[in-house]
Structure formats: C-alpha cells, structure tokens
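task: produce atomic coordinates for the following.
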Amino acid sequence: MYGPFLLGLAVPDGPPLGATLVDRLETLISGLLAPLLVTYCGMKVNLVELYDLKFIGTVWLVLGICLLTKLAAIFIPALICRVPVKDAAALAFVMSGQGVVQMSFYYYNAVNQTFDGETFSMLTTSVLIQAAAANIIVKSLYDYSRMYTGYQKRDIQHTTANSELRVLTCAHRVDDVLAARKVLEASFPRKESPLAVYALHLVELVGRAHPQLIDHQLGQKSSGGTRTQKMIEILSFFEQQYQGVVTVQQFTAMSLTKFMHHDICTVAFNKLASLIILPFHRKWNHQGKMILDSSSLRSINCDVLDLAPCSVGILVDRHKVRRNPSQTYNVGVAFFGGTDDREALAYARRMAQSADVHLTVVRFVPWDIYAGDSQWDAVLDAEILKDTRMQGAHQDNIVYKEERVKDGAETALMIHAMEEAFDLIMVGRRHKEDTPQLLGLSEWNDLPELGPVGDMLAAADLNTPVSVLVVQHQNAKAI
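Reported below is the predicted structural model:
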C-alpha cells in the first residue's frame, strides 16, 4: 500500500516524468482500479451482522468526534483569517473529506486483521457517507459566481467613446492571437480612447504540477515552450506598433481544462475588463476545410458565458481562408434587437471611428407588428439606432439600412448574402424565442452558445472567408 504512495511523493511534478506517468496511468487507475477497489470494499460490508450495539455506538461516536475536530481545526483558522463563513465551511468540508486512500487503508487493516468485520463495515460506510454528504454540502455552500455579485455596467455600452477600453483576449494557439490582433487593430485605439489589452495564454496542465497564473510583466517565465513565446512576441510587437495608445499585459494560465474558465473570469474581474474575446472551438485551413473541432474548448467557452463578470465575444476566425486583399476592413452588424445586439452594435460603432473601417448596420424588421419586446427594450433599441444614424450622417464609412423579413427562412437568406460582403460580421447571441425574424432557426441550432444567427455563420461546411464575433452582454447579477 505504501509503495505507490512513496513513489508518488518521489516523482517530480509536471513534465517530463510526472506528466508522462499521469498521461499513461491516469485512465487505468482513476477509471478502472479505483472504482474496482471501492466496489470490492462495498461488497465486503455486511451491515446485517452488527450485533453489539454498544460497540457500534462507540465507533460512531469516535468517528463523529474525529470529524468535528477536523472541521473545527480548519473552520476556526479560516474565520480568523477573515474568510467568509460559507467559504470557510466549504473549505472545512473539502479538507475533511475521505476517499479512496482512506478506504484502502481500512481494507489493508482488515486484511491484516487489525480491524474486525464490524469495524471495517462501519468505517467503510462512514467514508461513503462523508464523501456523498461533503459533495452535496460544498455545492450548496460555495458559489464561485458570488464574487461578481453587484458587478454592474462593465460593458462597452457604458464605456464612453473617449475613455479607455479594456479587453481580455484568450488564446490557446498562435492562430487565436493573430485573429484577436486583427479585431483589436480594428478597435481604433487613439490617444483620446486608448486600448488596454490583457492577453491570457491558456496552457493545459499535465501531470501533478500545481496550477499557475504567470504575469510576464513581472519577468516571470512560463514552461509553455516556443508556442507561448511566439504568442507573446506577436502582441508585444502590436504594442510597439501602437505605442502610446495601446498597452498590453500578458499572462499565462496553466491549469486543468475544466478550471480554465475560472482563470479567465478572475483576470477579467481583477483587471476591470469590459469585454472578453474567446477563440471559437473550430478552426479552418486556407481551403476553408475544418481542421479542428475541440469539445474541451467549447466547454470552456460555455462556462465563461455563464460566469463572466463582463461582456463576452466568441470570435469565429476564418482569416486563413483566402480573400482578395483590401485596404478597408468591412464590418457588418445584423441587428434584431435586445441587449446583446446593442452591445455588438456599440462595439462596431467604436470601430467605425476609424476611416479604415467600413460599417454596415442591417436591421431586420418583421413584416407584422411584433409586441414581444418589452417597452424598455424597444426604447433602448430605438435610441442606439438613432445614434448610429446620426453618426452615419457625419461619417461616410457608416451605412444603415433596414430589411423586412417574414420569418427565419428569409433571414437566413439575407445573412448568407452578407457573408461575401464583409470581413467581420457581428451579431448578438441571445434573442427572444418568439422573435418573428428568427422563427424556425432555433430548431436547427447545433451550437446554443452562439445563438441562432451565430450558429448559421459558424457552420462547419461554410467556406467563405468571413469571420464572426458573437457578442453576449454582461450578465447582471442581483445584489
């Protein structure tokens, strides 16, 4: 029993040895051997042959005292360190939990006849009860999103045109950095409205190494290899190119895939970002053929959408697909109404302050009068569209037009017609289910995190060179 434990302590964290061992053995041990051990110990439990009630009571009393002592030993110091009560309680239950190691210890002593059958049955039962109860209690006590409660107006709509725009860009590959840089260049940074970029390079943690958040401004180096260094160099050159109007601060987050969304949201919260730009989980080559479809990256994006403290944009990048070069960056906005569409339009209007960006806003209007939108939503939609028309009256690079559509089928035809005309199409993610302009599209929605319009534009078989930015407005949490 102690041999594997001592071997694990002796093996160094992370690559190359620790990472290789975990990669080769984790599935076998966690997926097969550990469940078999728990099952075998459970089969050895016999609660029927428990006769000595006084002895049983003594064992459970000792177990209860030990558990309470462990809980108090963690809970009280946490309170002294000013940890909130709920978080301290959750920490106590996490640290006091028992699992496979304790069960294997009890089984080892039962085999050596240190414990009799009754003691082994009760100890094993206590491990199962504690593991199940701790899981339920921790989930009910600890809500990670509570740290963003009351975090209001952290979006582009409430960022004035003459104030600093703070954007967090996330990247798994070099292609993600190149795509994000193109959007950042179109954001028109200038002295009156500088751009603060926080770049988070995401590296999957392999092996027993601890999660790390590395700040490269402090001179810290990551073990992400040449790929991470290449991404750092791209954005460093971008900062030099726009010296004085763009500041770039770069981080590398090394963690498990299932926890990466916490790193993203934490950096966005601490840096007061107004927008998070996430890379899409699909990639295309120069011929427009899809070469990557990562379910783990998609899971990260979905978790960030649920948890983010600010607005989020998922960037569907097709910059590799060949297009005739042009000096003008053509941006289109498909506007149906709602808070997400207003956020997308607000970002597009900021881009349109640059003479090199040509903005076309297409508002899709139903043939019949639609009363589904709330009166306040209708007022806000009318206000931002009025401001857009006024801005277009003074700028030749802004075009506003309305298209009347009957249902989702006509909308789909219009959207597909926009694909060849623009370099970037911006759409909102969420719309009301009964919106007439989108009627029927939700039934064919394969990617709910993009919404019905974004899902059409991110189709795997679409080989046009248009990129898409699907925007979700900040989720305002109740205080």
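
and the helix ranked longest in the chain, what does it pack against?
Identified as the longest helix of the chain according to DSSP state H is helix 53-80. Where contact means 3 or more Cβ pairs under 8 Å, 6 or more residues apart in numbering; DSSP states H and E, helix 53-80 is packed against helix 85-96, helix 117-141. The C-beta positions use only the backbone N, C-alpha and C, and glycine is treated the same way.

how near is Val127 to Val94?
From Val127 over to Val94 the distance is 15 Å, taken as Cβ to Cβ, to the nearest Å.

no wait, Ala161
From Ala161 to Val94 the distance is 46 Å (Cβ to Cβ).

need the contact list for the residue lying closest to Gly42 once chain neighbours are set aside.
Excluding its sequence neighbours, the residue lying closest to Gly42 (Cβ to Cβ, 6 or more residues apart in numbering) is Thr124, at 6.9 Å. By Cβ atoms under 8 Å, 6 or more residues apart in numbering, Thr124 lies in contact with 41-42, 44-45, 103, 106-107.

so which of the residues you listed comes closest to Gln212?
Met103 (31.5 Å; Cβ to Cβ).

pull out the buried residues from the helix or strand hosting that closest one.
For Met103, the host element (DSSP states H and E) is helix 100-111. Going by neighbour count (16 or more other Cβ atoms under 10 Å), the buried part of helix 100-111 is 100, 102-104, 106-107, 110.

reformat these as JSON lines; add pLDDT and distance to Leu67.
Below are these laid out as JSON lines (pLDDT from 0 to 100; distance: Cβ to Cβ, whole Å):
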{"residue": "Val100", "pLDDT": "79", "distance to Leu67": "18"}
{"residue": "Gln102", "pLDDT": "81", "distance to Leu67": "12"}
{"residue": "Met103", "pLDDT": "81", "distance to Leu67": "16"}
{"residue": "Ser104", "pLDDT": "81", "distance to Leu67": "19"}
{"residue": "Tyr106", "pLDDT": "81", "distance to Leu67": "15"}
{"residue": "Tyr107", "pLDDT": "82", "distance to Leu67": "20"}
{"residue": "Ala110", "pLDDT": "80", "distance to Leu67": "21"}
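
out of those, which one sits closest to His286?
When the buried residues of helix 100-111 are compared against His286 (criterion: Cβ to Cβ), the nearest one is Val100, at 49.1 Å.

how much space between that closest one and Ala10?
From Val100 to Ala10 the distance is 20 Å (Cβ to Cβ).

out of the helices and strands packed on helix 53-80, deepest packed?
By mean neighbour count, with neighbours taken as mean count of other Cβ atoms under 10 Å, helix 85-96 ranks first of the helices and strands packed on helix 53-80 at a mean of 18.

contact partners of that one?
67, 70-72, 74-75, 78-79, 83, 130, 134, 137-138, 141-142.

so, low pLDDT: which residues of the chain?
Scanning the chain for pLDDT under 70 picks out 1-2, 13-16, 19, 50, 144-152, 206-209, 219-226, 319-326, 369-374, 476-479.

ok, and the closest non-adjacent residue to the residue nearest to the spatial centre of it?
Centroid-nearest residue in the chain: Val304, 2.6 Å away (criterion: Cα atoms, centre = their mean). Of all residues not flanking Val304 in the chain, His261 sits nearest, at 4.7 Å (Cβ to Cβ, 6+ apart).

residues in contact with the one you found?
300, 303-304, 307.

out of these, who's nearest Ile314?
Val304 (9.0 Å).

for the closest one, phi and psi?
phi -70, psi -40 (degrees, to the nearest 10).

which residues does it contact?
261, 264-265, 276, 278, 312.

distance of it from Ile277?
11 Å.

so what touches the helix holding Met103?
1, 5, 34, 37-38, 40-41, 44, 115, 117, 119-120, 123-124, 127.
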